[in-house]
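1. Whatever this is, show me its structure:
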Amino acid sequence: MFSQSLSRRGMFRFGAASILGLSLPSLLKLQARDTHRAGRAKNVLVILEQGGLSHIDTWDPKPEVVAEHRSPHRPIATSVTGMQFTDLLPRTARIAHKLAVVRSMYHAKQGANGHPDGTQYILSGAHPRGPIEMPDLGCVAGHLQGSDCAYLPPYVMVPGNNEQGASTRTGFLPASTRVFKTGGNDLSDPAWRVGDLQARPENAGPRLDERQRLLRTVDSGFAASSNTLGGMDRFYEQAHDMLSSPRVAAAFNLQGEPSAVRARYGSGHRGACYLVGRKLIEAGVRFVTVDVRWPHTPDLPGGFNLNWDHHDYMYNAGSCGTIRNAAGGEGRYGIGHWVMMGSTDTAFAALIEDLDQRGLLSDTLVCFVTEFGRTPRLNAFQGRDHWTNAYSIVFAGAGVPGGRVIGRSDKDGGYVVDQPHTPEDYAATVYEKLGIDRQRPLYTANRRPIYLGHEGEVIRELF
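-> Prediction:
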C-alpha cells in the first residue's frame, strides 16, 4: 500500500551511550542517515503490558463459560453499540469508538510461550527461534527513518528495566540502533530523572560550556585540512546540545505538567509511565515503548512482582500471596486491584483522549499489546496459565478505524475461530503504517538480504 524511497542526507539516530560503552559523539556518527516517509503514522507508541494479560477478563468477555471457569468480571456496554469490554475497563469503554480490538491473535508457531521469548516475539514481530535474530520494530524504524526529534534517541523505552527489559534486540542491525531505556523505579517520584541524557555533575553547567569552547579553539587550526575532524565536530556539537538542551529535561519532566493532566492519568507509576510516553511522542520521538510493572512499595505488602502473570488467586481483592507454590504466581495483586487493571484502564483512556485533544492521535499509531493471553480454564490455584492460542491486542490512531472488533475467539476464549492474526501480522501492520517498504531488504554485515515482516500479512481492517 505504501512505499518509501531512501536518500543519502544525514539524519541522526541515537543509542544508549552508557550501555554500549561508546562516546555520545561516536554514536551520533554511527547513526547518521536519512529517509523519506510515506506512511500514515509519523510515530508509534507501544503500550507493552508484560506478563500475559488475560483477554477474557478485559477485551474479550465470555459470559457463557461454565461457572467454575467464568470470569467474575461481567461484560459492559461501550460507546459503540454491540461492542463490549468487561467491567475492568469502564473508562476505556467510553472511548471504544476510537479503538480497534483484534480478538484473534495467536501464535502459529510453538516455542514462544514463556515470558522472555513471548516478549521478544511481540517486540520484534518475528519468532525468537527463527534462523536469524530479528531486531525490535523500534530499532528498524529508527534505523530507516531517524526521528523528527534531534535531541533524543529515535527509539525509547519507558522505563525498560523491568523483568523482560532484557528481551529487546538489535538483531542483525548495528549496535547503535539499540533502544534507549530511561530507567527509574517509580516514575511518579518527583525526584525521578533520566541520568544517561544529562551531563555528569562535575561537568555540568559552565564547565561543560568551557570544555566545548576549548575544543573549538583546539580544532580551529586543523579543521580546514581535515574532513574527518570537521565531520566529528558536527557530532560533538550535537552531543553537547543533547546534554545541555533544556528540551531534553523538559521531555521527561512530569512536574511541569498541569496537575489536572497528571490526575487524569492516575496516581502512581503506571500513569506516570503513560504520560512520559505521550511527552516523548509530542517531542517527535519516532518509536516509544512503555513497559510498565508497578514497583514494590511499602504500601503494597506482597506486591513485588506486579506484572500480569496471574497463575494463582487472580481474583483476590488484595495480594495474591507471597509464597511460591506449584503455580509460581506469587507477588501480584488481583487483576481488579488499582495497581493492576484499575490504573491501566485510567491511564490508557487518558492517553488516547490526551493524544486526540493535542492533535497527535491522527499521526501516532498506538498499540496496546501483551505477549500472550491466559488459559480459558482456571487452574487448581484459581489462576490462569500462559495461553498462545487466543488473545487480544488493541490499536488506535494513524488512520485506524475506531469502534470495531477484528476477529473472534470461541465461546470459551480458547481458540481463534475467525480472522486469525499473528505477531508477524502485527509487525507487518506497524511497518506498513510507518510507510516502510517491506519489499526492500535490509542487509546483514555479510550482505545477506533480510526482508521485514515478510512472514506476516497486514491487518487490512486497520487501514
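2. residue ranges of the helices in the protein, please?
-> Listed from the start of the chain, the chain has helices (DSSP state H) covering 17-20, 24-30, 90-93, 115-124, 137-145, 206-220, 227-244, 246-252, 259-265, 269-283, 343-357, 423-434.
3. what about the stretch 51-200 of the chain, any weak spots by pLDDT?
-> 196, 198-200 (pLDDT under 70).
4. Could you pull out the strands in it for me?
-> 75-77, 84-86, 99-105, 155-159, 180-181 (DSSP state E, counting those that start in this stretch).
5. can you put the ones you listed in a markdown table and add mean neighbour count and distance to Asp60?
-> Bear in mind the C-beta positions are built from the backbone N, C-alpha and C, glycine included. Converted to a markdown table, the strands of the stretch 51-200 of the chain look like this (neighbours: other C-beta atoms under 10 Å; distance: least, C-beta to C-beta, whole Å):
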| stretch | mean neighbour count | distance to Asp60 |
| --- | --- | --- |
| strand 75-77 | 14 | 10 |
| strand 84-86 | 23 | 9 |
| strand 99-105 | 25 | 5 |
| strand 155-159 | 28 | 27 |
| strand 180-181 | 24 | 31 |
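6. Thr370: which of the ones you listed is closest?
-> Closest to Thr370 of those is strand 99-105 (C-beta to C-beta; 9.1 Å).
7. Give me the helices and strands touching that closest one, please.
-> strand 391-396, strand 404-406, strand 408-409, strand 416-418 (3 or more C-beta pairs under 8 Å, 6 or more residues apart in numbering; DSSP states H and E).
8. try it again with 6 Å
-> Applying 3 or more C-beta pairs under 6 Å, 6 or more residues apart in numbering; DSSP states H and E, we find strand 99-105 packed against strand 391-396, strand 404-406.
9. returning to what we had before: so which of the strands of the stretch 51-200 of the chain is nearest Trp192?
-> Going by C-beta to C-beta, the one of the strands of the stretch 51-200 of the chain nearest Trp192 is strand 155-159, 8.9 Å.
10. which one is Val339 nearest to, not counting chain neighbours?
-> Trp294 (4.5 Å; C-beta to C-beta, 6 or more residues apart in numbering).
11. Let's see the pLDDT reported for the one you found.
-> As predicted, Trp294 sits at a pLDDT of 92.
12. Report how many residues lie close to the nearest residue to Cys367 once chain neighbours are set aside.
-> The shortest distance from Cys367 to any non-neighbouring residue, by C-beta to C-beta, 6+ apart, is to Val46 (4.8 Å). Neighbour count for Val46, taken as other C-beta atoms under 10 Å: 22.
13. And Asp148, by the same measure?
-> Neighbours around Asp148, by other C-beta under 10 Å: 14.
14. do the same with Asp354
-> 18.
15. what does Pro401 give?
-> 14.
16. Next, find the distance separating it from Gly453.
-> 21 Å (C-beta to C-beta, to the nearest Å).
17. again with Asp425
-> Counting by C-beta to C-beta, the gap from Asp425 to Gly453 is 8 Å.
18. one step back: my guess is the residue nearest to Cys367 contacts Val288, does it?
-> No. Between Val46 and Val288 there is no contact under C-beta atoms under 6 Å: 7.1 Å.
19. Lovely, talk soon.
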